[in-house]
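>>> structure, please.
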Amino acid sequence: IRYVERSRGLGDVYKRQAYILLAICNYRQRDYKETRLILRQFKEKFPESKYIDYVFFLLGKIAYREGKTEESIELLIKAYQTTKNLDLKNRIRKCFIDIPEEVWLKENYKQISDYYKVSKPSKANKLKLGLICPLTREYRTLGEEFLNGCRLAIEEYNFAHQKKIQLIVEDSQGDLIKSINVAKKLFRDYNVVALIGPVLSNTTIAVAPLAECFQRPLITPTAWQYGITSIGKHIFQTNVPGVVQGELIAKFAIEKLQFKTFAILAPYDQYGIALTKGFENKIRELNGIIVSREWYYEGATDFSAQFKRIRRRELIKTLNLMDVDEETDVEALARGEDESDKTLVPIPTIDAIFIPADPEEISMLVSQLAFFNIQTTILGGDKWNTEDILKNKEYVEGAIFPAIIYKDRKSKKFQDFSKKFRQKFKKAPEDIA
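Here you go, the predicted model:
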């Protein structure tokens, strides 16, 4: 400011800007006393300046931070009345939201409460709906499909209703910290009435406490982790949790199919562990028998070790049911020592094998299951519900798996949605859409 004051040729424009920038610097340093002094000097020197609205705004924020709520309201309203800047108006509205509602109900504020009401969602305004999904990195394809389905649904709703919905989308990148930060942004900056997503179970669990804190509904159509709704009364989960899904598959296998003996081959990840836990617990509860449980890690392509272990455990039973030469070393065969890959003895003693695999793993698993001649019924998880498994028809014939989403292809609703989705996105909708 001293430099500007001494520079005769610069004019008032630079002086005004220097004052405002210095005030902002002091405000951000939390030196509110110095900030207020600079702003008062500005008002005295430039009462007609176009920056006067921002001066009132900054003074109002200082008063609020110092606990002077009534003074803050008066200054913010002055700023709101003075400014023609829409961005500043929106910033002032956000400040109004932070002011407790009981303050506005006081007698001396009833006549100006319209400024408070304008900051809240009204019937005339669009409802802001937040959506969080992974649009970059590992789960990008999943997030894009989810987003496309939501966008189409909201377009259909807005076309049919007078009150519109504005969808505000944020990318979680499939990351926990990123999910929390964008959720805070949607609640604080955009004042969304509800939140959809964030698609993955772990990111949903991370965001759910925030939704509960802000008392806004969080609706997760895809997260399968058990117990998410226990986080709070504002948390809603429409997908079947993995543990529950495993329990239902086991119950169906025993009560409807009359199966008694089971093997399990599952991925060692959150999804596989959850489904296996539910399946195994329900089998034991209903007096079924788990003869073998095997795990594999993400990215595995060779499952021979797991299938060999399953075979060995059942081979003695199988050989005892057959007419085997007395000189045959049954124990040696069971250990696989004399077993030839070309003459594998069929294993018919397991009623079903539960394989809650991802779609890209299914073809490798079922072909290797057939190679090791384990003659059993395959039980899958909901991820089996994809047309891709038809590529392995000879190996999956008779497989049983749940369909979390039932596509009634003959229904008008499905046909209309599918047609509009294809027209808009040039592809058929996946289940997540």
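
>>> contacts and neighbour counts: CA atoms only from here.
Will do.

>>> how close does the most centrally placed residue in the chain sit to Leu152?
Taking CA atoms, centre = their mean, the centroid of the chain lies closest to Pro198, which sits 1.8 Å from it. Distance, Pro198 to Leu152, using CA to CA, to the nearest Å: 18 Å.

>>> point to the helix or strand of the chain where mean pLDDT is at its lowest.
helix 114-117 (a mean of 53; mean pLDDT, DSSP states H and E).

>>> surely the residue nearest to the centre of the chain and Thr204 touch.
Yes - when contacts are counted by CA atoms under 8 Å, Pro198 is listed as touching Thr204 (5.4 Å).

>>> report the buried residues of the longest helix along the chain.
Ranked by residue count, the top helix of the chain under DSSP state H comes out as helix 140-160. Across helix 140-160, burial judged by 16 or more other CA atoms under 10 Å covers 140, 142-150, 152, 154.

>>> grab the nearest non-local neighbour of Gln245.
Spatial nearest neighbour of Gln245, excluding adjacent residues (CA to CA, 6 or more residues apart in numbering): Leu275 at 6.4 Å.

>>> tell me which element the one you found is part of?
Assigned by DSSP states H and E, Leu275 belongs to helix 270-285.

>>> any low-confidence regions in the chain?
Applying pLDDT under 70 to the chain flags the ranges 1-12, 97-125, 318-343, 404-408.

>>> ranges for the strands of it?
Under the criterion DSSP state E, the chain contains strands at 127-133, 165-171, 194-196, 218-220, 235-237, 261-267, 289-296, 352-355, 377-380.

>>> redo those strands as TSV? Include mean neighbour count.
Below are the strands of the chain laid out as TSV (neighbours: other CA atoms under 10 Å):
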stretch	mean neighbour count
strand 127-133	23
strand 165-171	17
strand 194-196	22
strand 218-220	25
strand 235-237	20
strand 261-267	22
strand 289-296	17
strand 352-355	24
strand 377-380	22
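
>>> nearest to Pro209, out of the ones you listed?
Proximity to Pro209, assessed across the strands of the chain by CA to CA, is greatest for strand 235-237 (8.8 Å).

>>> pretty sure Thr377 contacts Gly398?
Yes - with contact defined as CA under 8 Å, Thr377 and Gly398 form a contacting pair (6.8 Å).

>>> rewinding a little: show me the contacts for the residue nearest to Gln245.
Taking CA atoms under 8 Å, 6 or more residues apart in numbering, we find Leu275 in contact with 242-247, 356, 381.

>>> one more: Ala266?
Per CA under 8 Å, 6+ apart, neighbours of Ala266: 272-273, 276, 294-296, 354-357.

>>> could you dump those into CSV and include distance to Ser230?
Listed next are the contacts of Ala266 as CSV, based on distance: CA to CA, whole Å:
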residue, distance to Ser230
Gly272, 22
Ile273, 20
Thr276, 21
Glu294, 31
Trp295, 29
Tyr296, 30
Phe354, 28
Ile355, 28
Pro356, 25
Ala357, 27
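
>>> closest one to Thr222 out of the residues you listed, please.
For the contacts of Ala266, the nearest to Thr222 is Gly272 (15.6 Å; CA to CA).

>>> ok, that closest one to Phe259 distance?
Taken as CA to CA, the span from Gly272 to Phe259 is 21 Å.

>>> neighbour count winner among these two?
More neighbours surround Gly272 than the other of Gly272 and Phe259, with 22 against 19 (other CA atoms under 10 Å).

>>> can you tell me the closest non-neighbouring residue to that one?
Ala266 (5.5 Å).

>>> who does the one you found bridge with?
Counting by DSSP bridges, Ala266 is bridged to Trp295.

>>> you'd agree Glu212 is up against Lys233?
Yes - look at Glu212 against Lys233 with CA under 8 Å: they come within range, at 7.3 Å.

>>> and Ser292, how far is that from Lys45?
Taken as CA to CA, the span from Ser292 to Lys45 is 85 Å.

>>> correction: the previous question concerned Arg30.
With CA to CA as the criterion, Arg30 and Lys45 are 24 Å apart.

>>> tell me the one of the buried residues of helix 140-160 nearest Asp302?
Leu142 (26.1 Å).

>>> and the closest one, what is it in contact with?
Contacts of Leu142 (CA under 8 Å, 6+ apart): 134, 432.

>>> same question, Ile180
203, 206-207, 210.

>>> please point out which parts of stretch 43-53 sit buried.
For stretch 43-53, using 16+ other CA under 10 Å, the buried residues are 51-53.

>>> quickly name whichever of these is closest to Ile310.
Using CA to CA, these come closest to Ile310 at Asp53, 76.2 Å.

>>> ok, the residue lying closest to the closest one once chain neighbours are set aside - contacts?
Spatial nearest neighbour of Asp53, excluding adjacent residues (CA to CA, 6+ apart): Ala79 at 4.6 Å. With contact taken as CA under 8 Å, 6+ apart, Ala79 is in contact with 52-57, 92.

>>> in helices only, show me those.
Using DSSP H, the contacts of Ala79 in helices are 52-57, 92.

>>> could I get those as CSV with distance to Arg216?
Below are the ones in helices among the contacts of Ala79 laid out as CSV (distance: CA to CA, whole Å):
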residue, distance to Arg216
Ile52, 36
Asp53, 33
Tyr54, 32
Val55, 34
Phe56, 32
Phe57, 29
Ile92, 22
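
>>> most neighbours of all those, which one?
Phe57 (26 neighbours).

>>> thought that one was touching Leu76?
Yes - here Phe57 lies in contact with Leu76, judged by CA under 8 Å, at a distance of 5.4 Å.

>>> what touches both of the two?
Joint contacts of Phe57 and Leu76 (CA under 8 Å, 6+ apart) are Ile92.

>>> number of residues surrounding Gly299?
9.

>>> also Lys308?
18.

>>> next one: Phe214
Neighbour number of Phe214 under other CA under 10 Å is 15.

>>> which residue is the nearest non-sequential neighbour of it?
Phe187 (7.2 Å).
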